[in-house]
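Q: Structure for this input, please:
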Amino acid sequence: MKFRLALTIPALLIPTTAFAGVKIDEKSSTYDLRGLTIAAIHEDILRNAPRDADGVVDGETVNETNWSLNFEAANGNCQISFDAVNVSITMKLPRWVDEAQAPADVQKAWSAYIVSLREHENQHRDIAVKAAEAVDRLIHDQQPASKCSDIKQRIRDSAKTILNDAEVEQEKYDENAPSFDID
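A: Just a heads-up that it's a prediction; the model follows:
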């Protein structure tokens, strides 16, 4: 016990840099679909689904990554003393309200469709989380600098590149993803 205490005290006296992991804030929402046939459900998707510049979007995952930093200056150098990286993810999927009344073959088609759509949107989620984790690593890899503004600018510039690359990856994923529909 005394030996363990002796090792702990010196460790507490050494200044350390505190880093936190990425905080993921996930929310979900739905839009309602009605219909007892595949055709009726498809028509309701066209009426009620979210839209973007390209038209109807069956499901949608929106993300935003941000970070905050605290700095400390010592011995003519500035270093990060605390950071927080947050990614907010909101996934919107359809909810079929008439499922219990529908025939078994329509329920089966819906089940396959919603599983595929959820997997697709989860991939968008994963790309966003991967980008936030890259920003977190970027922050943790920063070396002290003579000016805090230099660290801030390096992080801002590199994080912007990471997030832009993630957006390109999101778009490529959509372009190359297999198409799926309720059928």
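Q: C-terminal to the longest strand seen in the chain, what's the next element?
A: The longest strand of the chain (DSSP state E) is strand 77-96. Using DSSP states H and E, the next helix or strand after strand 77-96 towards the C-terminus is helix 104-140.
Q: Low-confidence ranges, the chain, go.
A: Residues of the chain that meet the criterion pLDDT under 70 lie in 1-20.
Q: Neighbours of Asn70, how many?
A: Per other C-beta atoms under 10 Å, the neighbour tally for Asn70 reads 11. Just so you know, the C-beta spots here come from the backbone N, C-alpha and C atoms, and that holds for glycine as well.
Q: quick one: it and Asp83 touch, right?
A: Yes - using C-beta atoms under 8 Å, Asn70 is in contact with Asp83, at 7.5 Å.
Q: I'd like to know how far Gln153 sits from Ala109.
A: Going from Gln153 to Ala109 by C-beta to C-beta, to the nearest Å gives 53 Å.
Q: my bad, should have said Ala177
A: Relative to Ala109, and taking C-beta to C-beta, Ala177 is found at 19 Å.
Q: swap in Ile155?
A: For Ile155, the distance to Ala109 - C-beta to C-beta - is 48 Å.
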